[in-house]
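J.: what's the 3D shape of this:
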Amino acid sequence: MSTIAANLQAVEATIAAAAQAANRPVSSVRLLAVSKTFPMEDVLEAMAAGQRAFGENYLQEGVEKIAAVARAQPDTAVEWHFIGPIQSNKTRPIAANFAWVHTVERLKIAQRLSEQRPPEMGPLNICLQVNISGEATKSGATPSELPELARQVAALPNLALRGLMAIPEAQTDPALQRAAFAKLRTLADSLRAAGLPIDTLSMGMSGDMAAAILEGATIVRVGSAIFGARNYD
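T.: Next comes the predicted model:
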């Protein structure tokens, strides 16, 4: 078994244990393998182990990888998620290459994605990013901005508002990790109560995925626990 395959198996075991502890079916949590900075060969190795959903933060790298993987495995359906910051001038290639976008925080970005989504690709799945910990250095809508933003995005054509995403302040204490994720879950519950079609909570990474699952995560975004330490040089 390859290292990546073994790592995937270990991550899936962590997900299963957390789901069981939360009295949830394992199938209610999806694993998004965050492949940013890792080569196409690593993605293919993960695919050989059964992984089919991958997240990319950097647009050019992601688009190149999507094309290379499609050439290498033309008969395998792969779901690509954009999980990085979005500049207005980058929305067209995001809309044309990805199935999901997790980092919408402004109406202008959502409008551009809606206008630029190729109709033949079907609706682009959208998560709204929330700055749940109120950090000045983090992206995301504030909790007070969220209800109006969600209503506006849900009304746009060519998009499917699916849920919320957050990257809380890093904590090592599981209780503090859970507290931040609980805030996002509460916000999602309030949007659902207002009639919005929210079914996704994208939260939890390599260091806190168990806490996220206990608080209702439906997508966990895991990179280093699968692919190893990143080299950003």
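
J.: from here on, contacts and neighbour counts on C-alpha atoms
T.: Fine.

J.: now do the strands in this structure.
T.: Using DSSP state E, the strands of the chain run over 30-34, 53-56, 79-82, 100-104, 124-129, 159-165, 200-202, 219-222.

J.: any chance of those in a markdown table with distance to residue 63 as columns?
T.: What follows is those, written out as a markdown table (distance: least, C-alpha to C-alpha, whole Å):
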| stretch | distance to residue 63 |
| --- | --- |
| strand 30-34 | 14 |
| strand 53-56 | 9 |
| strand 79-82 | 10 |
| strand 100-104 | 14 |
| strand 124-129 | 16 |
| strand 159-165 | 20 |
| strand 200-202 | 22 |
| strand 219-222 | 19 |
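
J.: for the chain, just list every one of the helices.
T.: 3-21, 40-48, 59-72, 91-97, 107-116, 146-154, 174-193, 209-214, 224-227 (DSSP state H).

J.: closest one to residue 31 among the ones you listed?
T.: Closest approach to residue 31 among the helices of the chain (C-alpha to C-alpha): helix 3-21, 7.8 Å.

J.: just want the angle from the closest one to helix 40-48.
T.: Orientation check (axes from the mean of the first three to the mean of the last three C-alpha atoms, to 10 degrees): helix 3-21 against helix 40-48 gives 50 degrees.

J.: got the buried residues for helix 3-21?
T.: By neighbour count on 16 or more other C-alpha atoms under 10 Å, the buried set for helix 3-21 is 4, 5, 7, 8, 11, 12, 15, 16, 17, 18, 19.

J.: and the nearest residue in space to residue 20 that is not next to it in sequence, what is it in contact with?
T.: Leaving out its chain neighbours, the residue that sits closest to residue 20 by C-alpha to C-alpha, 6 or more residues apart in numbering is residue 26, at 7.2 Å. Contacts for residue 26 (C-alpha atoms under 8 Å, 6 or more residues apart in numbering) come out as 15, 16, 19, 20.

J.: now the first one: closest residue in space that isn't a chain neighbour?
T.: In this structure, residue 15 finds its nearest non-sequential neighbour in residue 210, 6.6 Å apart by C-alpha to C-alpha, 6+ apart.
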